[in-house]
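Colleague: here's my sequence, what's the structure:
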Amino acid sequence: MPKAGAFEVVKKLALALPDVESTMKYDGSPVLKRGGSFMAGLATHPSAEPNTLVVRAGDEERGWLLEDSPDTYYLTDYYRKYPVVLIRLSRIDHEALRDVLSVSWRLTTGRRSSRSPSRSSRRSLR
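Modeller: As a prediction, the model looks like this:
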């Protein structure tokens, strides 16, 4: 995925899912939420590489991603304690990004959501 406008692609894919909103963190960086709860955003901690997306992920999904594609997915000590995975936006393809965002959507329990994404967006990460 090209560096310029990479988050716009992320945003477009995420906003296609029910109850997702685009907002800004206190520091002005973009973040995506489902029902008011964090789903994904640009990584802002200095330990993350530039152009990195941080996405909610369960332990099992995170383990698979880190094992299967360490050039795309990674963690730093700072993020390890949270249920997230870091994604190098320059390394992920459109289909994999859609899948990761769908899993993040499923794992994010929004305060006002009970709908689920379409069957086609619920594909396995593997």
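Colleague: and the helices in the chain?
Modeller: Ranges of helices within the chain are 6-15, 59-68, 77-80, 94-107, based on DSSP state H.
Colleague: what's the last one packed up against?
Modeller: Helix 94-107 makes packing contacts with helix 6-15, strand 37-42, strand 52-56, strand 84-88 when contacts are defined by 3 or more Cβ pairs under 8 Å, 6 or more residues apart in numbering; DSSP states H and E. In this view, the C-beta of every residue, glycine as well, is placed from N, C-alpha and C.
Colleague: determine which of these approaches residue 21 most closely.
Modeller: Using Cβ to Cβ as the measure, helix 6-15 is the one of the helices and strands packed on helix 94-107 that comes nearest residue 21, at 7.9 Å.
Colleague: quick check: pLDDT value at residue 113.
Modeller: Residue 113 carries a pLDDT value of 40.
Colleague: likewise the one 3 residues further on?
Modeller: In this prediction, residue 116 carries a pLDDT score of 45.
Colleague: with residue 15 instead?
Modeller: 96.
Colleague: ok, now how distant is the closest residue in space to it that isn't next to it in sequence from residue 49?
Modeller: Among residues not flanking residue 15 along the chain, residue 22 sits closest, at 6.4 Å (Cβ to Cβ, 6 or more residues apart in numbering). To residue 49, residue 22 is 23 Å away according to Cβ to Cβ, to the nearest Å.
Colleague: between the two, point out the one with more neighbours.
Modeller: residue 22 (15 against 12; other Cβ atoms under 10 Å).
Colleague: bridging residues for that one?
Modeller: As for beta bridges, residue 22 partners with residue 32 under DSSP bridges.
Colleague: go ahead and confirm it touches residue 30.
Modeller: Yes - if you go by Cβ atoms under 8 Å, residue 22 and residue 30 touch, sitting 6.5 Å apart.
Colleague: for residue 96, which of the helices and strands packed on helix 94-107 is the nearest?
Modeller: So among the helices and strands packed on helix 94-107, strand 84-88 is nearest, using Cβ to Cβ, at 8.8 Å.
Colleague: which residues touch that closest one?
Modeller: Residues outside strand 84-88 that contact it (Cβ atoms under 8 Å, 6 or more residues apart in numbering): 43, 48-49, 51-57, 61-62, 65-66, 71-76, 79, 97, 100.
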